[in-house]
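[1] attaching a predicted model along with its sequence, questions to come.
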Amino acid sequence: MIMKKSIATKSRKLQILTVIFLWAAISAGYCQSGYKYPPTGKLVDAGGHLLHIHIMGKGKPVVIFENGSADFSFIWDLVQPAIAKTTMTVSYDRAGYAWSEEGPLPRTGRQIAYELHTALHNAGINGPYIMVGQSYGGFLVRSFARFYKKDVVGLVLVDALNEDEQININDKAVRIREMAQGRHALGIQNTVKKNVDTSLSKEPNPVASNTAIEPPLDRLSPEDQKMQLWAQTQFNYYKAASGEMDWSPEDVADMYKNRGKSAYMLGNIPLIVLSKGHGNYSGLPDSVELEKRRLMLQNDLAHLSTNSKHIVDKNSGHNIHLEDPPTVIIAIKQVIHAYRTHTKLKKLNIEH
């Protein structure tokens, strides 16, 4: 989930994400002790630490769900069971989220893709994969497709940002890429550096008081809501999301710099881009122009593949997988069908 409203109007969950973004450089030696809720799936080695993956269904291609920032594997519970009736599906928690162990820094798109690919391999879940990414997860599935191109046969982007898109942060239209500092990662890391300074374990948990369920999370089942309340108050969660938000501008800037290059494109694999109905620019100068440009840039995402279509979901906001799950389910099934039958998607922009 990516920030999209001013602090004055955004939900409590997005307020916490704003704190994470602004304090992304924090480090602490807190160690999570035990789980209040048992994992819904299993823990698998991801290259030096364990990731929690939740497998449902059987068959190929395998549909992999990638969460938005600050979200957990069960965020897909209104979508995954329906797709699992058709093929194998995997939702998971990135390093530091919920049941997954902390991962190495920096939290680059390449690092996250490597950890997911390694976990899938170690779990015996080989491709082909159809990647489904929401919001920040859209950047991640595009990175996964770039680094593991032979394994990926389709994508669904669920209100994923274009690398040149502007979002409303504190009543300002901001491009994530403009926050980049020009840093360069050293490559894939397999060692998690533990902070041995025990004094840091007393660092207050900035999300410990985040004990409310805000819409649209209230559409999840009561059990999922209980897990959400537990998972969103863990200190490792704060650290993990901080690390992702600290590095994400660098990855987005890299995508912008290399837009149009073959390595960053998707060839002719089936791609469906789902976009929310409104960009939440109300009250900002040039809000009408910002909205027009947002839709144009969302449509540009469909040009990543020569076999694609763009759907604007007028019935939904940013969290289409929670607010209008049938549309996400249909889109995934269309990509599965296109892959299995070797047919092309209709190149038609649709308002749903």
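    Structure received. Numbers count the residues shown, from 1 in each chain.

[2] roughly how far apart are the residue nearest to L220 when sequence neighbours are not counted and P61?
    Once flanking residues are discounted, L220 sits nearest to D77: 6.2 Å by CB to CB, 6 or more residues apart in numbering. C-beta here means a position set from N, CA and C on the backbone, and glycine is covered the same way. Using CB to CB, to the nearest Å, one gets 21 Å for the distance from D77 to P61.

[3] residue contacts, L161?
    By CB atoms under 8 Å, 6 or more residues apart in numbering, the contact list for L161 reads I2, S135, Y136, G138, F139, I167, I176, V252.

[4] how close does the last one get to R177?
    Spelled out, that is V252. Counting by CB to CB - V252 and R177 are separated by 4 Å.

[5] for the chain, which spans come out with low pLDDT?
    For the chain, the stretches with pLDDT under 70 are 1-34, 194-204, 346-352.

[6] which stretches in it count as strands?
    42-45, 50-56, 62-66, 89-93, 129-134, 152-158, 166-169, 172-175, 271-276, 308-313, 350-351 (DSSP state E).

[7] in JSON lines: the contacts of L161, plus neighbour count and distance to L284.
    Shown next, in JSON lines, are those (neighbours: other CB atoms under 10 Å; distance: CB to CB, whole Å):
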{"residue": "I2", "neighbour count": "25", "distance to L284": "17"}
{"residue": "S135", "neighbour count": "26", "distance to L284": "20"}
{"residue": "Y136", "neighbour count": "26", "distance to L284": "22"}
{"residue": "G138", "neighbour count": "27", "distance to L284": "23"}
{"residue": "F139", "neighbour count": "26", "distance to L284": "23"}
{"residue": "I167", "neighbour count": "20", "distance to L284": "11"}
{"residue": "I176", "neighbour count": "26", "distance to L284": "17"}
{"residue": "V252", "neighbour count": "24", "distance to L284": "21"}
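
[8] would you format those as CSV with distance to R107 included?
    Output for the contacts of L161, formatted as CSV (distance: CB to CB, whole Å):
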residue, distance to R107
I2, 15
S135, 16
Y136, 11
G138, 16
F139, 12
I167, 20
I176, 15
V252, 13
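
[9] quick one: which of the residues you listed sit in helices?
    Y136, G138, F139, V252 (DSSP state H).

[10] thinking again about what came up before, what do V252 and R177 both touch?
    E163.

[11] going along the chain, name the helices of the stretch 1-150 of the chain.
    12-22, 80-84, 109-122, 136-147 (DSSP state H, counting those that start in this stretch).

[12] okay, these, which one's buried deepest?
    Greatest average neighbour count among those goes to helix 136-147 (a mean of 25), per mean count of other CB atoms under 10 Å.

[13] and the contacts of that one?
    Contacts of helix 136-147 (CB under 8 Å, 6+ apart): 1-2, 64-69, 71, 109-110, 112-114, 116-117, 129, 131-133, 152, 155, 157-161, 163, 244, 248, 251-252, 255, 263-264, 266, 304.

[14] and it, how far out from the chain middle?
    9 Å (CA atoms, centre = their mean, to the nearest Å).

[15] what's the angle between it and helix 109-122?
    Helix 136-147 and helix 109-122 are oriented at 70 degrees to each other (axes from the mean of the first three to the mean of the last three CA atoms, to 10 degrees).

[16] so what's the residue nearest the centre of the chain closest to, chain neighbours aside?
    Taking CA atoms, centre = their mean, the centroid of the chain lies closest to G137, which sits 2.1 Å from it. Closest residue to G137 apart from its sequence neighbours, by CB to CB, 6+ apart: E66 at 3.6 Å.

[17] from E223, how far out is that neighbour?
    In terms of CB to CB, E66 sits 23 Å off from E223.

[18] kindly report the same for Y35.
    Taking CB to CB, one finds Y35 at 14 Å from E223.

[19] and R107, what is it in contact with?
    Taking CB under 8 Å, 6+ apart, one finds A95, A240, G243, E244, D246, W247 in contact with R107.
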